[in-house]
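1. model this:
(one chain, ligands or ions: 2)
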Amino acid sequence: MRYFTAGESHGPQLTAIIEGLPAQLELTAEMINVGLSRRQGGHGRGRRMQIEKDQVVISSGVRHGKTLGSPVTLTVVNDDWKHWTSIMGIEPLGDDVDPADIKRQITRPRPGHADLVGGMKYGHRDLRNVLERSSARETTMRVAIGAVAKQFLRELGIHTVAHVTEIGGVTTNPDTYAGKGTEALRPIIENDPVYCADPEASARMVQAIDDAKGRGDTLGGVVEVIIEGCPPGIGSYVQFDRKMDGKLAGAMMSINAFKGVEFGLGFEMAKKPGSEVHDEIAWNEELGYYRKSNRLGGLEGGMTTGMPIVIRGVMKPIPTLYKPLESVDIDTKEPFVATIERSDPCAVPAASVVAEHVIATEMAKAIMDEFRSDTIDGLKREIEQYRQYVKEF
Ligand SMILES: Cc1cc2nc3c(=O)[nH]c(=O)nc-3n(C[C@H](O)[C@H](O)[C@H](O)COP(=O)(O)O)c2cc1C
Ligand SMILES: C=C(O[C@@H]1CC(C(=O)O)=C[C@@H](OP(=O)(O)O)[C@H]1O)C(=O)O
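-> Residues are numbered from 1 along each chain as shown. Ligands and ions are numbered 1, 2, ... in the order given. Alright, predicted model coming up:
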């Protein structure tokens, strides 16, 4: 499976093309819209999310609610486009228009955003040309693709969920949700204002976001994605670029503003001896092989172990500040405070939805590489056979 996304933040629309999906997979726009509307929510989002009502249009690869095996094209219209048609015009400027007269030009790059380096790299003196694609508006399509991947994984008995574990230094107490499966966690997270599984921490996170907003500041945090039901042996130790932990970490790090990744106990492992890190192996008739704990987060030797995969990513605070940091105007080279663009004070809850979907996409891709069939039923049969084999191994 491969895929692309395209589209500018304030352009007419966003597009994704997914190629390599099996045929006969049930797929509707409604399945994708659920993920899109969750991504738009979460306490801390800015005014743009009140303008957009992200709804996907499927324009190829699906007929009567089932995939055909041909490329699937997804589009989401930017409702904000109507306010930007002249600024974001696609046709060349007429001879009578001075490019300097185009409104909303950006010449004061925001520290922490792609503005300055993107401008240098692509020769854009209006840094809007960078912002338009570096914006996390693009994550709309990664959620749309991930929603298709999640539907594919569900058919194979693999379930994913994501929740927020930290915002601005407020952390969840894992005892409040440890051991709950993805199905029990889902309604708690979905009904929480910051998509968090610990209600007490959630209330303090909401307060921290409001306080930061009041100060013209922004907050980052940590999100956790859990995948249950994945068979052992996805990924491989035999070549560096086939390691599943490397692929999942890369997917997490590809999300705008994500700066670190850990699995299971993660960076805590540095503080512990091996006897408190590795997971003892056991076997019984019902489960086959399993681990008595899951401190490694479901991966050994670059392969899934069959235990739940637990991966966390850290998101830095949003770079656009209403009380902006110092910058330099690229036209005058004079020091100035950075441009203030409409912005989110905290997008960690939304980013947890993005994380769940990009991780699901990577997992779906790996499964399609591992098992070969052009129909979803063929894949189901292959995986069932393999699950039986590893149980008895
Ligand atoms: C869901 C989501 C929403 C975001 N919203 C904003 C925003 O409103 N303003 C902003 O400056 N950055 C926002 N960001 C972060 C920037 O997109 C990101 O910092 C920028 O693309 C630079 O990339 P880097 O942080 O990975 O270096 C958001 C990120 C995500 C995942
Ligand atoms: C549009 C989205 O997020 C945007 C991500 C973003 C950024 O710089 O990353 C900046 C803001 O864009 P705008 O200036 O248009 O409000 C966010 O709203 C979205 O998540 O759909």
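2. From here on, just use CA atoms for contacts and neighbour counts.
-> Fine.
3. got the phi/psi numbers for residue 258?
-> With angles defined as degrees, to the nearest 10, residue 258 sits at phi -90, psi 130.
4. Neighbours of the spatially closest residue to it that is not a sequence neighbour, how many?
-> Closest residue in space to residue 258, ignoring its immediate chain neighbours: residue 315 at 4.3 Å, by Cα to Cα, 6 or more residues apart in numbering. Close neighbours of residue 315, defined as other Cα atoms under 10 Å, add up to 25.
5. now the one 5 residues further on
-> Close neighbours of residue 320, defined as other Cα under 10 Å, add up to 24.
6. quick one: the strands in the stretch 1-150 of the chain?
-> Ranges of strands within the stretch 1-150 of the chain are 2-6, 13-19, 56-60, 62-63, 66-67, 72-77, based on DSSP state E, counting those that start in this stretch.
7. Buried deepest among those, which one?
-> Stretch with highest mean neighbour count among the strands of the stretch 1-150 of the chain: strand 72-77 (a mean of 21; mean count of other Cα atoms under 10 Å).
8. Take the strands of the stretch 1-150 of the chain and write them to CSV, including distance to ligand 1.
-> Formatted as CSV, the strands of the stretch 1-150 of the chain follow (distance: least, Cα to the nearest ligand atom, whole Å):
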stretch, distance to ligand 1
strand 2-6, 15
strand 13-19, 15
strand 56-60, 18
strand 62-63, 28
strand 66-67, 28
strand 72-77, 16
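9. can you tell me which of those comes nearest to residue 228?
-> Minimum separation from residue 228 across the strands of the stretch 1-150 of the chain (Cα to Cα) falls at strand 2-6, 23.2 Å.
10. Quickly check: the closest one near ligand 2 or not.
-> No: contact of strand 2-6 with ligand 2 (Cα under 6 Å from any ligand atom) is absent, the minimum separation being 13.5 Å.
11. Parallel or antiparallel, which strands does that strand pair with?
-> Paired strands of strand 2-6, with direction, are strand 13-19 (antiparallel) (DSSP bridges).
12. Which residues of the stretch 201-350 of the chain lie near ligand 2?
-> Along the stretch 201-350 of the chain, the residues adjacent to ligand 2 under the rule Cα under 6 Å from any ligand atom are 341, 342, 343, 344.
13. try 8 Å
-> Residues of the stretch 201-350 of the chain lying close to ligand 2 by Cα under 8 Å from any ligand atom are 256, 318, 319, 320, 341, 342, 343, 344, 350.
14. which phi and psi does the second one have?
-> To tie it back to what came earlier, the one meant is residue 318. Dihedral pair for residue 318: phi -60, psi 130, per degrees, to the nearest 10.
15. quick one: contacts for the closest residue to ligand 2 within the stretch 151-300 of the chain?
-> Nearest to ligand 2, among the residues of the stretch 151-300 of the chain, is residue 256, at 6.9 Å (Cα to the nearest ligand atom). When contacts are counted by Cα atoms under 8 Å, 6 or more residues apart in numbering, residue 256 touches 134, 135, 136.
16. and what of residue 116?
-> The contact partners of residue 116, by Cα under 8 Å, 6+ apart, come to 109, 110, 127.
17. quick one: the helices in the stretch 201-350 of the chain?
-> Assigned by DSSP state H, counting those that start in this stretch, the helices in the stretch 201-350 of the chain fall at 244-253, 348-370.
18. Including distance to residue 224 and mean pLDDT, could those helices go into TSV?
-> Shown next, in TSV, are the helices of the stretch 201-350 of the chain (distance: least, Cα to Cα, whole Å; pLDDT from 0 to 100):
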stretch	distance to residue 224	mean pLDDT
helix 244-253	10	98
helix 348-370	7	98
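19. Of these, give the one that comes closest to residue 186.
-> Closest of the helices of the stretch 201-350 of the chain to residue 186 is helix 348-370, at 11.8 Å (criterion: Cα to Cα).
20. I'd like to check what contacts the helix or strand following that closest one. Which residues are they?
-> Sequence-wise, the next helix or strand downstream of helix 348-370 (DSSP states H and E) is helix 376-392. Here helix 376-392 makes contact (Cα under 8 Å, 6+ apart) with 22-25, 152, 155-156, 231-232, 287-289, 371-373.
21. List only those of those residues flagged as buried.
-> Listed as buried from the contacts of helix 376-392 are 22, 23, 24, 25, 152, 156, 231, 232, 289, 371, 373; burial here means 16 or more other Cα atoms under 10 Å.
22. what's the most buried one of the helices of the stretch 201-350 of the chain?
-> Per-stretch averages of neighbours, counted by mean count of other Cα under 10 Å, single out helix 348-370 among the helices of the stretch 201-350 of the chain, with a mean of 25.
23. Put the alpha carbons of that helix into PDB.
-> Backbone C-alpha positions of helix 348-370 (Å, rounded to 0.1, in the frame of the first residue of the first chain) are rendered in PDB as follows:
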ATOM      1  CA  VAL A 348      -2.300  17.800  21.700                       C
ATOM      2  CA  PRO A 349      -5.800  16.200  21.900                       C
ATOM      3  CA  ALA A 350      -6.200  16.700  18.100                       C
ATOM      4  CA  ALA A 351      -2.700  15.300  17.600                       C
ATOM      5  CA  SER A 352      -3.600  12.200  19.500                       C
ATOM      6  CA  VAL A 353      -6.200  11.500  16.900                       C
ATOM      7  CA  VAL A 354      -3.600  12.100  14.100                       C
ATOM      8  CA  ALA A 355      -1.100   9.800  15.900                       C
ATOM      9  CA  GLU A 356      -3.700   7.000  16.200                       C
ATOM     10  CA  HIS A 357      -4.400   7.300  12.400                       C
ATOM     11  CA  VAL A 358      -0.800   7.500  11.200                       C
ATOM     12  CA  ILE A 359       0.200   4.500  13.400                       C
ATOM     13  CA  ALA A 360      -2.800   2.500  12.100                       C
ATOM     14  CA  THR A 361      -1.700   3.400   8.500                       C
ATOM     15  CA  GLU A 362       1.900   2.100   9.100                       C
ATOM     16  CA  MET A 363       0.600  -1.000  10.700                       C
ATOM     17  CA  ALA A 364      -1.900  -1.700   7.800                       C
ATOM     18  CA  LYS A 365       0.900  -1.100   5.300                       C
ATOM     19  CA  ALA A 366       3.200  -3.600   7.100                       C
ATOM     20  CA  ILE A 367       0.400  -6.200   7.300                       C
ATOM     21  CA  MET A 368      -0.200  -5.800   3.500                       C
ATOM     22  CA  ASP A 369       3.500  -6.300   2.900                       C
ATOM     23  CA  GLU A 370       3.600  -9.400   5.200                       C
END
